Structures are given as structure tokens and as C-alpha cells.
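> How does the following fold in three dimensions:
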Amino acid sequence: MFAIRTLGVCLVPALLGLGCASQGDPSSTRVTSSPSQSGSVGAVLSGSANIGGATAGTEAGTTTTNGCLTSPSTAGAPSAGEKEPEPEPGDPSFRELMPSATSLGIYATLVVTFHSSIAYQNPFDQDDIKADLVAAAPDGASVVMPAFFKSGNSGDATWEAHFTPRQLGRYKFRVHVTHAGSTLQSDQLALDVTASALDGFLHLSPTSAYNLVFDSGKRFRGVGENYGWETDKYKFRDMLPRLKQSKVNFIRTWEGPGRYLLQQGQVLSHFDEAVATKLDQVMLLAHDNGIYVMSTLEPAIYYLTTPNGGDVNVQWSANPFSSAQGGPCAKTADFFTSATAKRHYKNKLRYAVARWGADSQLAVWELWNEYDHLVEQLAVPTAAIAAWHQEMARYLRQTDPYGRIITTSLSHNDYADLWSLPEMQFSQRHLYGSTENLATTLGGYETKYQKPFVSGEFSLDWKWPQMHPASEYGRELHLGLWRGMFAATPILPLTWWWDFHADNNQYFHFEHASTMVAKTVEGPGPLERQAVTATTGVEVLALQSPVGRFVWLHNKGTGSLSGASVTLTDLPAGAFAVRSFNTWTGAWGDAVSLAATGGSLRLDLPTLAGDADLGYWLAAP
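Below you'll find the model as predicted:
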């Protein structure tokens, strides 16, 4: 959203103590070793299992996208009687190479802290110095994960690497440091990876636009909202547990990893450790509450020439890429074409991957929020912006070893030169106003660009919520979630006015929508459209999967409606166990057995009040 309110940029304050699971538990979602003398916390993060209704079924038609091996944890070790050769010793410039564990469950995260005596000018500039964890996977593949500068000085610096294994068996790894054209390597270490209950990273489904799929093969649909930034009232430490209670499993935020303020007030390719630490805490809270994150990296308001909401710090002249701040760009358009600007921006992307890329709760890189405002207000050419997106997405793809989803967003325009790029993995627009045609809009984008569509923002109005009664905003939140649930989108539409809905106790809409969404991702999938018709005055949408049918209907009139029905066709023979679902209270009706006759099944509806809606779940015979 092109917000008209002043940004509340207060980031996460010091968190309350966060409990840690035992290292001996292979299904634990965090493992912590004792702090080393260097000050490394040794925290190990991972994605949590069975989040957002994902169940034990795997996606139909998929292969293991992570190359996961089913061999025991000794994979990669020498066979009986065969002596493993001694690895070459590492360079003495590395000291105190300290992994947080020697054995982990799959998809948990290893933290490796190390010291280097290599001198540098700028530890954040990969053209000066860069560090990587280089691992040989059990199947022999090489995995490179960037490391990041943590503290210290030139010639005496502490670095940290985070690494999440995606195969079972034994990994062997070293740390590499490249400087002045030479690469030095540390001693070789080993990590044994065992089975766990974790699911890994989220990816697009190869078979359906209705859901994402984990490395493990489990299906996922996102239900949630924007939580753009902290306000005086709503802090991450309070809001994310509240969202968890409402069964929210997905947020879009401007305060996620890589946010612009990492370098606010600093020269380019320098990043604020205090801000980065606060962003670490954001991801810890997302992890602890089972919430996946779409991280918006560049809000367009920081590139406009007028202040946002009267805040003079939120405009182009305060941007470190601007020549007014010593940057290489005289005007915003230069940001997208300047080789110097792109070089510095890649340093930022590398830092974000290194610091947060191993965390599976980070689901999506969103490169920009609503860049079409730059086109409309500053006449920045769309072709230049699209070319920049392609270059940066390709850089992310080669730098982030986890195949994380990449996208961007537009406010109210549609640029084919952007969405035709294969590097933009789903299209995204912000849809404000009535949600009456939302399902058609989402399906139209999926058909036009042959990729999923996500409404990253929606609401009755893009202006302050006081423009309409709270009940009207709540109604559109409700209808948007349910209409979105039956559209070709893997993430249900994300409302913008997070604090307003919280103030008016409207988060129960997420809870009830999530209950039905959990049913839609049961079993192996895929989720597809279901043929359905209704009597006059009833809006109806339906989906099917191998485990059942899902129906949502809405009385479009203002008066009560009696004697209405909906009819599903193209059904298999047999009796379905049918249960109604009250979308406003979350109450299930008793199961009734109804048989499909000639491939059809009719649901006779109860009397519906004006504007009332109702859900149905039909378990397959």
C-alpha cells in the first residue's frame, strides 16, 4: 500500500526470554549450544512442522525438490574396512571454528562462528572480502551459503554462517574467505543429519496454483495479514503470539530481513548491527509462533521525492543511494540503471541471504512494494525496472541456496514486462474496494500469466479506516478471505489494516477461515476447481481434492432467502459425508450422508439471512 499515515519505524525492543528445545530431540525446532568464549550464541533455527494445516500427505505429482536421501545418517561415510582419507588442513588465518552442533535433524539450522585474521577495508563489500560456508552434501553436490560479518575489526573479525541441511546423511564443510583474488579455507568439519518432523522450505507447487509445497512434500496455504511495522500499541512480541492464537500462519512485513533501515544514515554497503539484531528477533518470533514471512525489501515511498505522511526521513533525499547522501544516483531512475548502485544493492541482498536465508520461516523475497508509484510520479521507465528485477532475482537465485520464492508488487497497475519474467514466481497486486469480483480477478491473473497470483494487500478502502464503519471493513475482510480461499492463490488475500482489525476484535475471521483452509490442504492434492451451480440469488464457489469437496455460498441479497440450493456435478459415485460450517462462529454441523446421483449432488440450503454466507465440507466416499 502507498500508505498515507506516518511510518511507525520503532523496531522490536528487547524480547522476553525465548525458550529453547532440547538438542537431543530430533524434532525440536531450535537447538542451542553453550555460548563460546567468542560470544557466539550458537542458536539453531528451523521451520516448524505441521504449520498452517499441512498434513502428512505429499503433493501429487511432485518429486523430492530437496534431493532428500532416505539412507541412514551414515550416508557419505566410508564403507566398512575403508579408511576415510585425512582432509587437508585449513589455513591458520582461521581461529576458533565453532559449530553449534555435530548432529542435527533435517531442516534444523547449524550456526558456525569463526574468527579470521584477514585484513579488509569493508567487511560488507563482497568485492573486498567475502566469507562462505561450502558444504559437500551426502549425494556429492556442493552447497554454498554466504556468511556474514558479526563483529570485530580488520585482521581480527568474527564471522557467522547459518546453514540448513536438506538431505539426510553426512555433510562435510569448510569455511572459505576470499580477499584480494585469493581464497583461503578452514579445517574440514562434519555434520550428521538425521530424520526430523520438520518440513523445510516453501516453494511453488508444480501441480496447483492453490497452494505452496514444503521440501517434505506437505502442502501449505497461507492465511494472514500485513503486519507492516510496529506501532506504539502493537509490537512484534505481542502481535505474533496473538496472530498464532487466531491460526494465522503468514504475514507480509516491511520489518522483515533486509529492510531498508539496515543502512539508513550510513554509507552504502554498511549495515547496522543493532538493526540486524532486531530483525533477528523478528524472525525468532515468527519461528516461535509458526508464522511464515513475506519480506518486503524496498518500499517505494523511500524513493519518492515527497515525504510520506510528513516524515522528511522517508523520501529520496534521505535515501543512501541518493547523491544528496553521497550515493551514486542523482535521481530515482538512476537506481535501476547505475552499475555502482546495483553492485551495492547486491551486497545488501547477499547480507540478507547470509543472515536470514537459512531460516525456513522466511518464505518469500518481495523485492519492491508498489513500484508503480515511481512510474506514475517520477516517470521511471517500466522496462528499466523490469530489467533490474530480472538481474536482482537472478542474483538472489544464485546466492540463496534454498530456492526461496521471489516476487514483487504493484499497487493498481499491470505491467506485462514484469509479470512475463520467469524470475517473478507469482504476480502480486493490491486490491482495494469491494471484494465482489476478487475471485475472478485472482483467476484472471493466473490464466493471463500462467503463474499464481497473490493479493498482498486488500481492504474496503486504501484510505484511513475511519472512512467507513468498522463493521463494513470487517465484512470485506471476511468476504475477502472466503472468496480468496476458493480462488487460484496459494496465499489468501492479506488485509492491510492490521491494527484497525485488532482494535475492533476482528481477528476471529482468520481463525475460522484457517479451519477450512486446513481441510483444503489435507491429503496428497492437488486442489482444483469443482463444477457447481446455484439457484438465483446465491453466490457459490467450490473446490475439489482427492479427499473431498469444499463449497462456499453467499446470499447476495439483503433479505432472507429460503428454498435455495446448490448442485455439484462431475462427482464420483458414492455417498459423501456432508457437514456445514458456520463461517462466522466456526461451528460445524452434524455429518449427513448424501449420495451423488448421475454424478450430481444437490445441497438444499437452510434459510439464509440477508448477506449471510455458509461453508460445506464433503468428505469423499
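> looking at this, residue 541 is in a helix?
No. Per DSSP: H, G, I helix; E, B strand; the rest coil, residue 541 lies outside any helix segment and is strand.
> Give me the nearest residue to it, chain neighbours excluded.
For residue 541, ignoring the flanking residues on the chain, the nearest one in space by Cβ to Cβ, 6 or more residues apart in numbering is residue 486 at 3.5 Å. C-betas here are computed from N, CA, C, even on glycine.
> distance of that neighbour from residue 207?
18 Å (Cβ to Cβ, to the nearest Å).
> Over to residue 92?
52 Å.
> Tell me which of these two has more neighbours.
Applying other Cβ atoms under 10 Å to residue 92 and residue 207 shows that residue 207 carries more neighbours, namely 18 against 10.
> can you give me the helices in the stretch 101-250 of the chain?
Per DSSP state H, counting those that start in this stretch, the stretch 101-250 of the chain has helices spanning 236-245. These are given in chain order.
> now the strands: where do they sit in it?
For the stretch 101-250 of the chain, the strands defined by DSSP state E, counting those that start in this stretch cover 103-105, 110-116, 129-136, 142-146, 148-153, 156-163, 169-179, 182-185, 189-194, 202-204, 212-214, 219-220, 224-226, 250-253.
> Of the ones you listed, which is nearest residue 277?
Closest of the strands of the stretch 101-250 of the chain to residue 277 is strand 148-153, at 10.0 Å (criterion: Cβ to Cβ).
> tell me the mean pLDDT for the closest one?
For strand 148-153, mean pLDDT rounds to 96.
> Starting from it, tell me which strands it pairs with and how they run.
According to DSSP bridges, strand 148-153 has the following sheet partners: strand 156-163 (antiparallel).
> got the angle for the partner strand vs strand 169-179?
140 degrees (axes from the mean of the first three to the mean of the last three Cα atoms, to 10 degrees).
> What residues of strand 156-163 count as buried?
157-163 (16 or more other Cβ atoms under 10 Å).
> okay, the strands of the stretch 101-250 of the chain in CSV with distance to residue 429 next?
Converted to CSV, the strands of the stretch 101-250 of the chain look like this (distance: least, Cβ to Cβ, whole Å):
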stretch, distance to residue 429
strand 103-105, 39
strand 110-116, 38
strand 129-136, 36
strand 142-146, 32
strand 148-153, 33
strand 156-163, 33
strand 169-179, 41
strand 182-185, 44
strand 189-194, 40
strand 202-204, 18
strand 212-214, 19
strand 219-220, 22
strand 224-226, 14
strand 250-253, 13
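> Looking at those, which is nearest to residue 512?
Between these, strand 224-226 lies closest to residue 512; by Cβ to Cβ that is 13.7 Å.
> who are the neighbours of that closest one, in terms of helices and strands?
Applying 3 or more Cβ pairs under 8 Å, 6 or more residues apart in numbering; DSSP states H and E, one finds that strand 224-226 contacts strand 250-253, helix 498-503.
> contacting residues around the residue nearest the centre of the chain?
Centroid-nearest residue in the chain: residue 363, 2.6 Å away (criterion: Cα atoms, centre = their mean). By Cβ atoms under 8 Å, 6 or more residues apart in numbering, residue 363 lies in contact with 201-202, 212, 222, 250, 292-294, 404-405.
> now, which of these sits nearest residue 429?
Proximity of the contacts of residue 363 to residue 429 was ranked by Cβ to Cβ; the top entry is residue 294 with 14.2 Å.
> measure the closest one to residue 181 for me?
38 Å.
> Among these two, which residue is more densely surrounded?
More crowded of residue 294 and residue 181, by other Cβ under 10 Å: residue 294, with 25 against 5.
> secondary structure element for the more buried one?
strand 292-299 (DSSP states H and E).
> pLDDT averaged over that strand - what is it?
On average, the pLDDT along strand 292-299 is 95.
> helices or strands next to it in the packing?
Secondary-structure packing of strand 292-299 (3+ Cβ pairs under 8 Å, 6+ apart): strand 250-253, helix 273-288, helix 339-356, strand 362-369.
> could you redo the last one with a cut-off of 6 Å?
In this structure, strand 292-299 makes packing contacts with strand 250-253, strand 362-369, judged by 3 or more Cβ pairs under 6 Å, 6 or more residues apart in numbering; DSSP states H and E.
> Of all the ones you listed, which one comes closest to residue 240?
strand 250-253 (7.9 Å).
> Can I get the closest one as CSV, trimmed to CA atoms?
Taking Å, rounded to 0.1, in the frame of the first residue of the first chain, the C-alpha atoms of strand 250-253 are listed here in CSV:
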residue,chain,number,x,y,z
PHE,A,250,1.5,-16.0,7.2
ILE,A,251,2.4,-12.3,7.3
ARG,A,252,3.7,-9.7,4.9
THR,A,253,6.0,-7.2,6.6
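> what comes up buried for it?
250-253.
> Outside of it itself, list whatever touches it.
222, 224, 226-227, 291-294, 456, 491, 494 (Cβ atoms under 6 Å, 6 or more residues apart in numbering).
> who does it pair up with?
Looking at strand 250-253 with DSSP bridges, its partner strands are strand 224-226 (parallel), strand 292-299 (parallel).
> Residues touching the first one, excluding its own?
Judged by Cβ under 6 Å, 6+ apart, the contacts made with strand 224-226 from elsewhere in the structure are 248, 250-252, 494-496, 498.
> Which of those sits closest to residue 473?
Set against residue 473, the nearest of these by Cβ to Cβ is residue 495 (8.4 Å).
> Just list whatever residues bridge to that closest one.
For residue 495, the beta-bridge partners under DSSP bridges are residue 225, residue 458.
> same deal with residue 362?
residue 293.
> Let me see the contact set for residue 150.
Contacts of residue 150 by Cβ under 6 Å, 6+ apart are 158, 160.
> Can you verify my assumption that residue 445 contacts residue 429?
No. At 7.4 Å, residue 445 does not count as touching residue 429 under the criterion of Cβ atoms under 6 Å.
> returning to what we had before: was I right to think the residue nearest to residue 541 contacts residue 544?
No. With contact defined as Cβ under 6 Å, residue 486 and residue 544 do not form a contacting pair (10.9 Å).
> low pLDDT regions in the protein?
Across the chain, residues meeting the criterion (pLDDT under 70) sit at 1-82, 256-260.
> Tell me who's in contact with residue 408.
Residue 408 makes contacts with 367-368, 389, as judged by Cβ under 6 Å, 6+ apart.
> With distance to residue 314 added, can I get the contacts of strand 224-226 in TSV?
Listed next are these as TSV, based on distance: Cβ to Cβ, whole Å:
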residue	distance to residue 314
248	28
250	26
251	21
252	19
494	22
495	23
496	17
498	19
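> which of these lies closest to residue 562?
Nearest to residue 562 among these, with distances taken as Cβ to Cβ, is residue 495, at 32.7 Å.
> Contact partners for that closest one?
Residues in contact with residue 495 (Cβ under 6 Å, 6+ apart) are 225, 459, 477.
> Buried subset of these, written for PyMOL?
Selection of buried members from those for PyMOL, criterion 16+ other Cβ under 10 Å:
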select buried, resi 225+459+477
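> which one of the contacts of residue 495 sits closest to residue 283?
Distance to residue 283, by Cβ to Cβ, is smallest for residue 225 among the contacts of residue 495, at 17.9 Å.
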